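Enquirer: here is my input, please return the structure:
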Amino acid sequence: MTKKFFIDTIQTKVLKKGSGLVQESKFLIYETDDGKINIDVILKDETIWSSQKNMARLFDTTIDNVSLHLKNIYFEGELDKDSTTEEISIVQKEGNRNVTRKILFYNLDAIGAVGIARAFAFGGANDMPIWIPEIPFVKRDYQEGVFDPSEIHHFYSKLLRLKDNMNTKTGKKMAYQRHEFMELYLNQFFSEWNGEK
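Expert: Predicted structure coming up:
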């Protein structure tokens, strides 16, 4: 299913800092072939923000699953909740009424952490080893239903290629920073695997 991406601007009210100021935020919106419009994230303060509901759609899972991953990420101290979340007041249609709801949004660091946690959870649930050194890395295009032999192979076939698929200056900058982080993780992993650390 082809997706057409475009940016739109709406007004939001930031509640976390108690300012009550209305400001403009940009949403990444896409239209699918069947004409459905989907809003996935907010582009604000040079980062991406998403709700648990939209992360669940992004990762094709349940809100409960996303919530569990976030709970574990914050409990383990992998991320600081205060610096990776922001409560935003959103106007949404409920029946015939426009209703304002306070929704907790998570920044790109939290979204990425959920994505990596899901990758490792998927591997564990499907008896996929974290690494098989005897199988070489093969560059290939991502295909639905075709699984990598290990989680580390998945980094090379999909995750490390994301930075090359960004279209905007901000997207490229953010993807480059996340790419460097994944490279550091992999260097650390291989050092430990090889008994160097």
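Enquirer: now the helix or strand containing residue 86, how far from the centre of its chain.
Expert: Assessed by DSSP states H and E, residue 86 sits inside strand 85-94. Centroid separation for strand 85-94 versus its chain: 19 Å, with CA atoms, centre = their mean, to the nearest Å.
Enquirer: and stretch 182-192, which residues are buried?
Expert: If you call a residue buried by 16 or more other CB atoms under 10 Å, then stretch 182-192 has these buried ones: 182, 189. C-beta here means a position set from N, CA and C on the backbone, and glycine is covered the same way.
Enquirer: ok, and what's touching it?
Expert: With contacts defined as CB atoms under 8 Å, 6 or more residues apart in numbering, stretch 182-192 is touched by 131, 152, 155, 159-160, 197.
Enquirer: farthest pair in those?
Expert: Farthest apart among the contacts of stretch 182-192 by CB to CB are 159 and 197. That separation is 22.1 Å.
Enquirer: higher neighbour count, the two?
Expert: Set side by side, residue 159 and residue 197 show more neighbours around residue 159, with 18 against 10, by other CB atoms under 10 Å.
Enquirer: got a pLDDT number for that one?
Expert: What the model reports for residue 159 is a pLDDT of 77.
Enquirer: check which helix or strand covers the residue nearest to it when sequence neighbours are not counted.
Expert: Spatial nearest neighbour of residue 159, chain neighbours left out: residue 182 (6.0 Å); criterion: CB to CB, 6 or more residues apart in numbering. Secondary structure from DSSP H and E places residue 182 in helix 169-193.
Enquirer: center of the protein - which residue?
Expert: In the chain, the residue lying closest to the centroid (CA atoms, centre = their mean) is residue 111, at 3.2 Å.
Enquirer: any low-confidence regions in the chain?
Expert: Where the chain drops to pLDDT under 70, the residues are 1-41, 139-145.
Enquirer: what about the strands in it?
Expert: All strands of the chain, identified by DSSP state E, fall at 3-14, 22-32, 37-44, 47-51, 85-94, 97-107.
Enquirer: correct me, but the residue nearest to the centre of the chain touches residue 48?
Expert: Yes - the criterion here is CB atoms under 8 Å, and residue 111 meets it with residue 48 at 6.6 Å.
Enquirer: report the buried residues of the strand holding residue 86.
Expert: Buried residues in strand 85-94, counted by 16+ other CB under 10 Å: 85-86, 88, 90.
Enquirer: what is it packed up against?
Expert: Secondary structure elements in contact with strand 85-94, counted by 3 or more CB pairs under 8 Å, 6 or more residues apart in numbering; DSSP states H and E, are strand 3-14, strand 97-107.
Enquirer: 10 Å instead, please
Expert: For strand 85-94, the packing partners by 3 or more CB pairs under 10 Å, 6 or more residues apart in numbering; DSSP states H and E come out as strand 3-14, strand 22-32, strand 37-44, strand 47-51, strand 97-107.
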